[in-house]
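> give me a 3D structure for the following:
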Amino acid sequence: MSSFNLGSVAADQEISGYLRREKFDALVIHEPLIPFLNWEVMNFSGAPRIGWFHATTINNPWEFPTNLVVEPVQMWLKSKLSGMIAISASAKQVWKKVFGREGIIISGGVDVRKFTEAVPADLGDAEAIKLLFVGRLDERKGILDLIRAVGMAIKKVNLRLWIVGDGPQMQDAWDLVKSLNLGGKVRFTGRIANKELAGYYKGADIYCAPSWGGESLGLVLLEAMAAGTPIVAYANPGYKYTLTGYPWKKGLAAVKSIKQLAGAIEELAQRPELRQELAEWEQRKVREFDWEVMTDKFLDYVGEVVRKNA
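Numbering: from 1, shown residues only. The predicted structure follows:
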């Protein structure tokens with residue numbers, strides 16, 4: 001790791017000098033179109049460059065504006081990059097069009113053992129089904145949808161919702177809980193220490209992820225899967241990719257369909273045998289995303305690019 005004064009007129013020479021001295025076999029650049037440091041590295045010709053793309057397109061307000069990546073920029077990318085890594089199938093689809101070249105998918109990873117072996121947190125009320133949400137409380141993450149869905153489902157099943165995280169919709173979420181008379185049924189923890197997080201996943205009966213979009217993968221899904229916590233989520237492209245093969249179709253509700261979300265929560269809460277089936281599937285599936293597997297795949301691909309450009 002090194003630091004550079006990007007405001008300096010000599011930044012290009014400084015970065016190029018550093019890269020020449022270190023003699024890297026390959027340079028991996030996350031989101032190559034982000035300016036300043038990435039552009040300086042893109043212009044270095046002493047080693048093959050691999051772009052790692054995260055942005056995806058989902059036809060909503062959080063869509064990456066790929067229409068702005070005009071032809072000259074596409075030609076520049078093609079001339080500068082020797083390889084492409086995408087974090088998900090949807091990201092690969094977008095950037096294959098822009099980059100004009102095949103690449104591979106290497107998703108984010110998870111320390112599977114950390115979550116599998118976690119000691120369950122005490123979430124109280126042994127008779128209730130515990131739902132868990134982890135993330136930023138903002139519009140895109142759908143936290144208000146989830147609270148409304150719980151307000152519907154709780155009329156038929158005994159539920160408790162634990163909300164881990166904070167954000168700009170914290171007050172709105174509090175107000176909605178009060179207006180729906182869910183006091184005592186919804187718990188806000190705010191942010192918690194990372195070392196405590198695995199225990200929350202392990203202690204929950206259902207993990208809820210109602211994100212409207214903008215998800216290339218969904219790290220929270222991987223964490224829930226590693227803990228063996230059954231998932232109810234909105235079917236945005238990133239989540240659909242991560243949950244490819246999910247054995248319960250209703251577990252992926254249509255985006256912004258609070259009624260479907262509530263119905264899925266209600267049904268899963270009432271079916272312990274289904275929760276067990278989903279937990280077993282998740283813990284098999286998540287092995288594909290274990291950091292050891294992802295690291296080996298990454299090193300193999302980088303080695304392939306280096307050999308082709310030797």
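> now residue 74: which helix or strand?
helix 71-80 (DSSP states H and E).
> elements contacting that helix?
Contacts defined by 3 or more Cβ pairs under 8 Å, 6 or more residues apart in numbering; DSSP states H and E place helix 71-80 against helix 89-99. Where you see a C-beta, it was placed from the backbone N, CA and C, and this is true even at glycine.
> could you quantify the relative orientation of the helix it packs on and helix 71-80 as an angle?
Interaxial angle of helix 89-99 relative to helix 71-80 (axes from the mean of the first three to the mean of the last three Cα atoms, to 10 degrees): 100 degrees.
> packing partners of helix 89-99?
Where contact means 3+ Cβ pairs under 8 Å, 6+ apart, helix 89-99 is packed against strand 49-53, helix 71-80, strand 83-86, strand 104-105, helix 237-242.
> so how far is the helix or strand encompassing residue 201 from its chain's centroid?
Assigned by DSSP H and E, residue 201 belongs to helix 194-203. Computed by Cα atoms, centre = their mean, to the nearest Å, the chain-centroid distance of helix 194-203 equals 17 Å.
> what's the following helix or strand after it?
Counting by DSSP H and E, the next helix or strand C-terminal to helix 194-203 is strand 206-209.
> and the angle from whichever helix or strand comes after that following strand to helix 194-203?
For strand 206-209, the following helix or strand on the C-terminal side (DSSP H and E) is helix 219-227. For helix 219-227 against helix 194-203, the angle by the same axes, to 10 degrees is 60 degrees.
> and this structure, what are its domains?
Using automatic domain parsing, the domain ranges for the chain come out as 11-109+290-308, 112-288.
> return the most buried member of those.
For these, the largest average neighbour count (mean count of other Cβ atoms under 10 Å) is found in domain 112-288, namely a mean of 19.
> before we move on, the earlier item: mind putting the helices and strands packed on helix 89-99 into CSV with mean pLDDT?
Putting the helices and strands packed on helix 89-99 into CSV (pLDDT from 0 to 100) gives the following:
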stretch, mean pLDDT
strand 49-53, 89
helix 71-80, 77
strand 83-86, 89
strand 104-105, 86
helix 237-242, 89
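> closest to residue 159 out of the ones you listed?
Closest to residue 159 of those, according to Cβ to Cβ: helix 237-242, at 21.6 Å.
> and the closest one, how far out from the chain's middle?
9 Å.
> kindly report the same for stretch 268-284.
Distance of stretch 268-284 from its chain centroid, counting by Cα atoms, centre = their mean, is 22 Å.
> again, but for stretch 112-122
Relative to the chain's own centre, stretch 112-122 is displaced by 19 Å; criterion: Cα atoms, centre = their mean.
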